[in-house]
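>>> Need a 3D model of the sequence below.
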Amino acid sequence: MARTFENPHYADNSRTTIVVDIINDDGTSVTASVGNTPDGEKDNPDWKDIKKQFAATEIEENTKKITDAQSASVAVQLAEVRAQEAKHKNEALFAAKVEAFEIEEVSNSKNRTLKAKIRKATNLVEIHAYSAAIIIESLTQPAAPKKAAPKKVAAKAKA
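Purely as a prediction, here's the structure:
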């Protein structure tokens, strides 16, 4: 059964293993790792055939193309992971800001500066710090006197 080799490239930096697509006469194909045997032993015939069919520079070029494509793929995956992490961080920040404004002292505060700092906070520590500042501020202020309920005045009867 005759076969041909396509797309040979080195599997690692040691250059002792070649990954190659083997195409059989019947059209089937398989990707295989072909290694040469150690010195003093019978040489691997597939290794010899690959080395005859492809120049060393061609195998090197194929290896560079494959490693460049893998590096690009890894870079894209890394960018996607970072984007997801940023999204999760922003969602957590938003939830923390909502929770901070649900605190009675924060929602009732007249301190617009600190409330704005909570809204603009870029991390949880800032949200907690500014919320705590508002709470402390509310605890140190004297309690506002409650307004007395208006007295009901009975209507005068006309005589």
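>>> going forward, measure contacts and count neighbours with C-alpha atoms only.
OK.
>>> Quick check: next helix or strand after the host helix or strand of Val81?
In the assignment (DSSP states H and E), Val81 maps to helix 56-102. Counting by DSSP H and E, the next helix or strand C-terminal to helix 56-102 is helix 104-108.
>>> average pLDDT for that next one?
Computed over helix 104-108, the mean pLDDT rounds to 93.
>>> List the buried residues of that helix.
105-106 (16 or more other Cα atoms under 10 Å).
>>> would you put the C-alpha positions of it in CSV?
Listed in CSV are the C-alpha atoms of helix 104-108, where the atom choice follows Å, rounded to 0.1, in the frame of the first residue of the first chain:
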residue,chain,number,x,y,z
GLU,A,104,-30.8,53.5,54.6
GLU,A,105,-28.1,55.9,55.7
VAL,A,106,-26.6,56.0,52.2
SER,A,107,-29.9,56.4,50.3
ASN,A,108,-31.0,59.2,52.7
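>>> so what does that helix touch, helix or strand wise?
Here helix 104-108 touches helix 124-140, going by 3 or more Cα pairs under 8 Å, 6 or more residues apart in numbering; DSSP states H and E.
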